[in-house]
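Trainee: Any chance you could fold what I've pasted below:
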Amino acid sequence: MESPTATFKHSPLIDQIDEIRLLDLQPGQRGDMLEICIRHALLTDDYLDYEALSYTWDAESASHHVSINGLHFGVRPNLFHCLNELRHPTDVRTLWIDAISIDQTNVAERNHQVRSMDRIYSYASVVRIWLGAPS
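Mentor: Model prediction:
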């Protein structure tokens, strides 16, 4: 698949209190384009099942890109390498990742979601920690 050229833009969260964006990391092999489907979900949904990712943001800019809903989205190198490691070869993996799940260009949303991160992490079925690629 060729790299998408149109840029992904977040659709607004309707329920600012309980709504989050979950990422369905599509299966694939190392070297394949990282493909993600993003969707809205309510934290109060009893059947919600996702993994939250805690990781270090690099100082570098978003020099790598992934496909979100078929559109281009820039990510920093550390997150790109983490997604490659987390991707399963045959199964979708559902994640919440602050750099993608939160619209970083929307200050009001970003502030609200950051204040809700304790709830977001506590509702996750698993919290993954990524310290960086092995040296």
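Trainee: Dump the C-alpha coordinates for the helix or strand bottoming out on mean pLDDT in the chain into PDB.
Mentor: Lowest on mean pLDDT, DSSP states H and E among the helices and strands of the chain sits helix 107-115, with a mean of 91. Output in PDB follows, covering the C-alpha atoms of helix 107-115 (Å, rounded to 0.1, in the frame of the first residue of the first chain):
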ATOM      1  CA  VAL A 107      -6.300  22.700  23.400                       C
ATOM      2  CA  ALA A 108      -9.700  22.400  25.300                       C
ATOM      3  CA  GLU A 109     -10.000  18.800  24.400                       C
ATOM      4  CA  ARG A 110      -6.400  18.100  25.200                       C
ATOM      5  CA  ASN A 111      -6.700  19.700  28.600                       C
ATOM      6  CA  HIS A 112      -9.900  17.800  29.400                       C
ATOM      7  CA  GLN A 113      -8.500  14.400  28.200                       C
ATOM      8  CA  VAL A 114      -5.300  14.800  30.100                       C
ATOM      9  CA  ARG A 115      -7.300  15.500  33.300                       C
END
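Trainee: pLDDT score for the residue nearest the centre of the chain?
Mentor: Nearest residue to the geometric centre of the chain (C-alpha atoms, centre = their mean): residue 97, 3.7 Å. For residue 97, the pLDDT comes out at 97.
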